[in-house]
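Colleague: how does the following fold in three dimensions:
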Amino acid sequence: MLPSVLIVDDEKHTREGLREALEDDYDVSVAANADEAFNLLDAQPFDAVLTDLRMPGKSGLKVIDKALALPQRPAVIMMTAYGSVDTAVEAMKRGAVDFLTKPVNLERLEVLLQRALKSKTLEIEVKQLHERLDEKFSFEGLVGNSAPLRDLIDKVRLVAPSRATILVEGESGTGKELIAQALHQAGPRSRGPFVAVHCAALSENLLESELFGHERGAFTGASERRVGRFESADGGTLFLDEIGEITASTQVKLLRFLETRSIERVGGSKPIPLDVRLVAATNRHLERMVGEGKFREDLFFRLNVVRLTMPPLRERPDDIPLLLAHYLLFFAKENGVAAPQLEAGALRTLCAYRWPGNIRELRNFCENAVVMHRGGRLTEYDLDPRYRGEWTGFAGQGSGGSAASGASGSTPISSGGGAPVLALPGPAGASLSVEENEKRLLREALIKARGNRTQAAQLMGISRRTLHRKLAEWPELDTLD
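Modeller: Residues are numbered from 1 along each chain as shown. This next block holds a predicted model:
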């Protein structure tokens, strides 16, 4: 499809000559005055507008105003036989991308059109990128509907527009960086940079240089000046993960920034003022570290203006089915395969599991399931033994109180109207005792293993001795083939 160009000129031989010169490479429309141009601009979108300045009635500046007020803004180039610096400046102030004098040099016009269209394409791509980022890191991207997550999202919405420093606490793998990104995207700095630094991954000297930059000759190997992450984040958000790992000297420099809103490069002495919103995260108990003398008390108070706590996954079990559905679909799309389906027993098992690695561990499970099973069905016996344990996890849930029961009855969780990714087991309101659950699972294992006790024990992730003890308690199961 050819790029569309509108030519606006009251001189017929000029507009027709330009049409003839451009029509091999562009879809060209012409207008003899501003009013005709307005009608065409209202009727269809154009990629570019080439307009004369002086015309009877409304001038070309009005055409610029009209074109750039449209939802799909074209690139505008002004042309006139009365070229002057003042006219060019006015046209550029209105939003024209460039200026041509008559008679028009066709080679220059072609160069300007290509440049303008390339710039317009880039502008659209940047806009789409920001929209995708807004979608990815919006609150809807924080999957779940549990009370702890809803409370956290309410707090994020409340503090995101502020300039306050934020301290995000939570176990490893809970998604603290995702919270930092949501704070950035929901606030007034969303069009500025988001810069993340994982403090524990760098040595003391490297971390100071990484954060604050350095001057040439500041240390051996510093052959040129380097801009640090603080300066890179100017106008945006700096996220410092694992803040509890930074050394005493780095703590002093960080405290100075929070007090003065300026930094000094390593080896430098000139303060550099910066406009950076700081979000710090930790999986350590900073107050305890303060008491032990491992973290500065004054820095802790500066960081702890607003404290947000990311709940571990075991405290939001109602979100586990939703997270499983979300990430199975996510990795299925990423790999171009169908999402595997978790059968009822597998879902019960995964909901009862405590997920010590939190969402990071759940994501890894889902990616592995997608890659290894590619649209197949997963039973509890297909799961790694660590997810199954010896089924003692059911005792902590109470009768019928597993995390899976939070999603009503046999209602499937689906996405986009497709086939269910997860099917929640059992009729609404049904419940089984712990003993009945274990007995049913042992029966299924024995049937699947065709009565082979060693295989049945492996399927359940328990020892053969434990299996024999269970069979002694329930001798009726020992007759299964």
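
Colleague: please make it C-alpha for all contacts and neighbour counts, starting now.
Modeller: Fine.

Colleague: so what would you say the end-to-end distance of stretch 283-301 is?
Modeller: The first and final residues of stretch 283-301 sit 17 Å from each other (C-alpha to C-alpha, to the nearest Å).

Colleague: my error: substitute stretch 46-58 in the last question.
Modeller: End-to-end distance of stretch 46-58 (C-alpha to C-alpha): 20 Å.

Colleague: so for that stretch, what gets flagged as buried?
Modeller: Going by neighbour count (16 or more other C-alpha atoms under 10 Å), the buried part of stretch 46-58 is 46-55.

Colleague: nearest to residue 184 among those?
Modeller: residue 47 (32.9 Å; C-alpha to C-alpha).

Colleague: for the buried residues of stretch 46-58, which one is nearest residue 233?
Modeller: Among the buried residues of stretch 46-58, and counting by C-alpha to C-alpha, the member closest to residue 233 is residue 47, at 34.2 Å.

Colleague: okay, the closest residue to the closest one other than its chain neighbours: pLDDT?
Modeller: Here the nearest residue to residue 47 in space, its sequence neighbours aside, is residue 74; by C-alpha to C-alpha, 6 or more residues apart in numbering that works out to 4.7 Å. pLDDT for residue 74: 90.

Colleague: equivalent analysis for residue 116, please.
Modeller: At residue 116, pLDDT is 83.

Colleague: double-check residue 47 against residue 1; I have them as touching.
Modeller: No: in this structure, residue 47 is not within contact of residue 1 by C-alpha atoms under 8 Å, at 11.7 Å.

Colleague: shared neighbours, those two?
Modeller: Counting by C-alpha atoms under 8 Å, 6 or more residues apart in numbering, residue 47 and residue 1 have no common neighbour.

Colleague: distance from whatever helix or strand residue 88 lives in to the middle of the chain?
Modeller: Per DSSP states H and E: residue 88 is located in helix 85-94. Taking the mean of its C-alpha atoms, helix 85-94 sits 40 Å from the chain's own mean (C-alpha atoms, centre = their mean, to the nearest Å).

Colleague: what does it rub up against?
Modeller: 61, 64-65, 78, 98-99.

Colleague: re earlier: contacts only, for the residue nearest to residue 47.
Modeller: Going by C-alpha under 8 Å, 6+ apart, residue 74 touches 45-49, 67-68, 120.

Colleague: repeat the analysis, applying 6 Å as the threshold.
Modeller: Listed by C-alpha atoms under 6 Å, 6 or more residues apart in numbering, the contact set of residue 74 reads 46-48.

Colleague: just those residues: which are in helices?
Modeller: In helices, defined here by DSSP state H, there are no members of these.

Colleague: what residue ranges in the stretch 251-400 of the chain are flagged as low confidence?
Modeller: 389-400 (pLDDT under 70).

Colleague: which residues sit against stretch 210-228?
Modeller: Residues contacting stretch 210-228 (C-alpha under 6 Å, 6+ apart): 229-230, 265-267.

Colleague: just the terminal-to-terminal distance for that stretch.
Modeller: Note: stretch 210-228 ends 5 Å apart using C-alpha to C-alpha.

Colleague: repeat that for stretch 256-271.
Modeller: End-to-end distance for stretch 256-271, by C-alpha to C-alpha: 11 Å.

Colleague: next one: it to chain centre, how far?
Modeller: On C-alpha atoms, centre = their mean, the centre of stretch 256-271 falls 31 Å from that of its chain.

Colleague: and stretch 316-324, by the same measure?
Modeller: Between the centre of stretch 316-324 and the centre of its chain there are 19 Å (C-alpha atoms, centre = their mean).

Colleague: one more: stretch 442-462?
Modeller: On C-alpha atoms, centre = their mean, the centre of stretch 442-462 falls 43 Å from the chain's centre.
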